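Trainee: missing the sequence, but the structure's below:
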Ligand code: ARG
Ligand code: ZN
């Protein structure tokens, strides 16, 4: 069954008020729902309430039990005569048997909920669509010893004890909200409390709820929350609106976190951190996700989505907001590099593959499948382009107008664009194509220079390749930040300008250009496109050394490496001297931030190299990359050792600051190159770091280096790590991932063995992703020529689908890349997809993804 955007109709019935009464019990929870329903206009259609998987015990209308209802599929259909009624239902559900982790479920002995997108219907009968907004009052009763803490959305209003060892609590959320933002938590939890005073002087009680033993690991999340609250006031004028804001961490969670009104629920990996168990990368991720969910309070909750086709309205915008927040907290340049790397790793392949869809899709079978890098990350790039084009002031005026106009309502992407248009006076007609068109635009840019006349001409062209179901593409609006540098003086020809490429082709003339100009283009990655230029290796090396935009500088060096790697993977004998010189220069430049240097000298990933090739040859790519790594390691060995020793000498005692992070990062990159050089002492050096580390960043990077190689220290390090952290699930996830991502011949076999390990389980999504997800992105190991990697993934996905379809379907994309590989691999991949499609009782989630992957 396909849902189409164009079929949207407003709800027949509204539910302005709802009261829920939960008698909580892991085996059998009773849910009484009292819905105040109102006919939305003059129609005679019945009330239709979505449901899934529950047992219906009773229905009453206006206080009288009725039995003239029917069940169609899983929808409860109730004929009603008047325009307003009180409808009461009682159902029973079994949270402890809920392995899908949607609706009310058990995790680590506690009970929690996840309702977005369509989980609320698994809790009670309700019009489960985001444009039905209700005021919620929630009562929970539960065993007091087992579930001493009872939380729900909004503010606590009353609580008390009951005679039989049970207790109760009532919460009320004054803000009308769609049911996907409903949440409750019952558990044995301890809290890290804080407080925040809003810009209008209101005191908000903050709480981060975790297992008692984990409380010491919540300070970073709490600090990030306060920083995010202040940032949203300063940057967007958005103030928090309830007296309490709670966050709960749970171990079993299908994705990162959830922005339920006043009660965010998080995957514990995005809350818990201390230096011994979390890396700098984890700390960054925690701050970003805490901020993301908090920012949803306005971009998502106060203004929500009319229907799920509008998902990017809240997600793209909120990702953009969290990216800017993180950029403001540390190195903006490094943050941009990381975000673009993530976009290229996850979103570009999506746009180029069978699952390509616009940021506002036209249809879906299962909405869970559309929580994608396209909706989230490309969506964020679209908002970023709007901010670039409008400028900070007009963009802010636009978002103010948007929040003002649509506060308390369910809006559309069009509403957002129109607000920006109205506030700025900018015509965004053509820009709207970004919402409807899938695929990554390709831009070609070439710069012609006539020395005699002093004229330079920049010839730009754009083209978006066809995507499934969308063969004809229109030109999109591409804001390109551009600057020309004189090749001899290294001086800019003029200040940076932003060129809007709106047509298929465009020429820009520069007068009075005396020196040969070198083109710096798409600075800051101002447009999410693939750029092809005819810049020589020498010009790229120049930009890598001279460009004053850090992203452009990074990009030039990456392009230089990429060109070299693609050539050498294609079988050419390639000279590595230019790359080595550029890396050496970057490493030696004292003006550059160490964090930037560490990112800039990293080679492009194997899969990104593959994306540049007509047919991906994973073995050749791996060899080319390893050879270049070795050569860089050898040629610059003294520099790597100096960088390593220098960084080590300046980091004593763990501090989470941009400077200290940069040094640790550079230390780990340098260690990797020292090992790549084949130096005899590399194992000992890595093991010494592993043993001496006072933080997980250093320990994990040493382990990663050791696991890649064959030193005598390799197995001891893995064992020590396992034993030291065997009671910490989040760290054990790292132990699995490091092995699944290892660039080794035996990785496929090791991963198959790890799937039998006593600590491996498919029922915990983090653990499943740590092994299976990590293996799927290990390009060489996964694409073993004999198809063993494909078979392994398919076996795991079939097993996982029975428990948790949503998490399973998320892991399918590596199998959908068959068109990009040789015919043998393509046939092997297709055979596994066909095997998946043929599984009896396959979920809707997997059926949609696997069959679309085959059609591609
Ligand atoms: N809204 C949540 C967030 O981005 C994620 C919800 C994901 N839901 C899903 N069905 N995959 O913060
Ligand atoms: Zn979100």
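Mentor: Sure thing, it's come through. Given the structure is predicted, the values throughout are model-derived calculations rather than measurements. Ligands and ions are numbered 1, 2, ... in the order given.
Trainee: for residue 377, what are its contacts?
Mentor: Neighbour list for residue 377: 319, 339, 342-343, 346-347 [criterion: Cβ atoms under 8 Å, 6 or more residues apart in numbering]. Every C-beta, even on glycine, is put in place using the N, C-alpha and C of the backbone.
Trainee: repeat for residue 145
Mentor: By Cβ under 8 Å, 6+ apart, the contact list for residue 145 reads residue 165.
Trainee: before we move on, what about the one 5 residues further on?
Mentor: Taking Cβ under 8 Å, 6+ apart, we find residue 150 in contact with 140, 142, 159, 167-169, 184-186.
Trainee: ok so, going back, can you pick the most crowded of the contacts of residue 377?
Mentor: Counting neighbours by other Cβ atoms under 10 Å, the top entry in these is residue 319, with 26 neighbours.
Trainee: Give me the secondary structure label for it.
Mentor: Secondary structure state of residue 319, per DSSP: H, G, I helix; E, B strand; the rest coil, is helix.
Trainee: Residue 380 is in contact with that one, correct?
Mentor: Yes. The pair residue 319 / residue 380 is scored as a contact, 3.8 Å apart, by Cβ atoms under 8 Å.
Trainee: Which helix or strand contains the residue of the chain positioned farthest from its centre?
Mentor: Most distant residue from the mean C-alpha position of the chain: residue 452, 51.0 Å away (Cα atoms, centre = their mean). Using DSSP states H and E, residue 452 sits in no helix or strand.
Trainee: Distance check, it against ligand 2.
Mentor: Separation of residue 452 from ligand 2 (Cβ to the ion, to the nearest Å): 56 Å.
Trainee: where does that residue land on pLDDT?
Mentor: pLDDT for residue 452: 95.
Trainee: Contacts only, for residue 607.
Mentor: Contacts for residue 607 (Cβ under 8 Å, 6+ apart) come out as 345, 349, 777, 779.
Trainee: Whatever helix or strand the second one lives in - contacts with which helices or strands?
Mentor: Under DSSP H and E, the secondary-structure element containing residue 349 is helix 348-351. On a contact count with 3 or more Cβ pairs under 8 Å, 6 or more residues apart in numbering; DSSP states H and E, helix 348-351 meets helix 606-611.
Trainee: For the helix or strand following the helix it packs on, what is the distance to the chain centroid?
Mentor: Going down the chain from helix 606-611, the next helix or strand is helix 618-635, by DSSP H and E. Relative to its chain's centre, helix 618-635 lies at 30 Å (Cα atoms, centre = their mean, to the nearest Å).
Trainee: ok, and for helix 618-635, which residues are buried?
Mentor: Buried residues in helix 618-635, defined by neighbour count with 16 or more other Cβ atoms under 10 Å: 618, 620-622, 624-635.
Trainee: between these, which is closest to ligand 1?
Mentor: Checking these against ligand 1 by Cβ to the nearest ligand atom gives residue 618 as the nearest, at 29.6 Å.
Trainee: Of the contacts of residue 150, which qualify as buried by neighbour count?
Mentor: Among those, the ones that count as buried by 16+ other Cβ under 10 Å are 140, 142, 167-169, 184-186.
Trainee: out of these, who's nearest residue 600?
Mentor: Lowest distance from residue 600 to those (Cβ to Cβ) belongs to residue 185, with 43.4 Å.
Trainee: For the closest one, I want the exact helix or strand it lies within.
Mentor: Assigned by DSSP H and E, residue 185 falls in strand 184-187.
Trainee: Would you confirm that residue 180 contacts residue 115?
Mentor: Yes. Using Cβ under 8 Å, residue 180 makes contact with residue 115 at a distance of 4.8 Å.
Trainee: Not counting residues beside it along the chain, what's closest to residue 789?
Mentor: Among residues not flanking residue 789 along the chain, residue 782 sits closest, at 4.1 Å (Cβ to Cβ, 6 or more residues apart in numbering).
Trainee: pLDDT weak spots in this protein?
Mentor: Applying pLDDT under 70 to the chain flags residues 651.
Trainee: so which residue of it comes closest to ligand 1?
Mentor: Here the chain gets closest to ligand 1 at one residue, residue 371, 3.5 Å apart by Cβ to the nearest ligand atom.
Trainee: Tell me, how many residues neighbour the closest residue to that residue other than its chain neighbours?
Mentor: The shortest distance from residue 371 to any non-neighbouring residue, by Cβ to Cβ, 6+ apart, is to residue 255 (6.8 Å). Using other Cβ under 10 Å, residue 255 has 18 other residues around it.
Trainee: Can I take it that residue 255 is in a strand?
Mentor: No. Counting by three-state DSSP, residue 255 is not found in a strand; it is coil.
Trainee: what does the chain put close to ligand 2?
Mentor: Neighbours of ligand 2 within the chain, by Cβ under 5 Å from the ion: 315, 318.
Trainee: let's go with 6 Å and repeat that
Mentor: When proximity is defined as Cβ under 6 Å from the ion, the chain approaches ligand 2 at 292, 296, 315, 318.
Trainee: residue contacts, the third one?
Mentor: What it means is residue 315. 300, 371, 375-376, 379.
Trainee: give me that answer again for 7 Å
Mentor: Residues near residue 315 by Cβ atoms under 7 Å, 6 or more residues apart in numbering: 375-376, 379.
Trainee: That's all I had, so thanks and see you.
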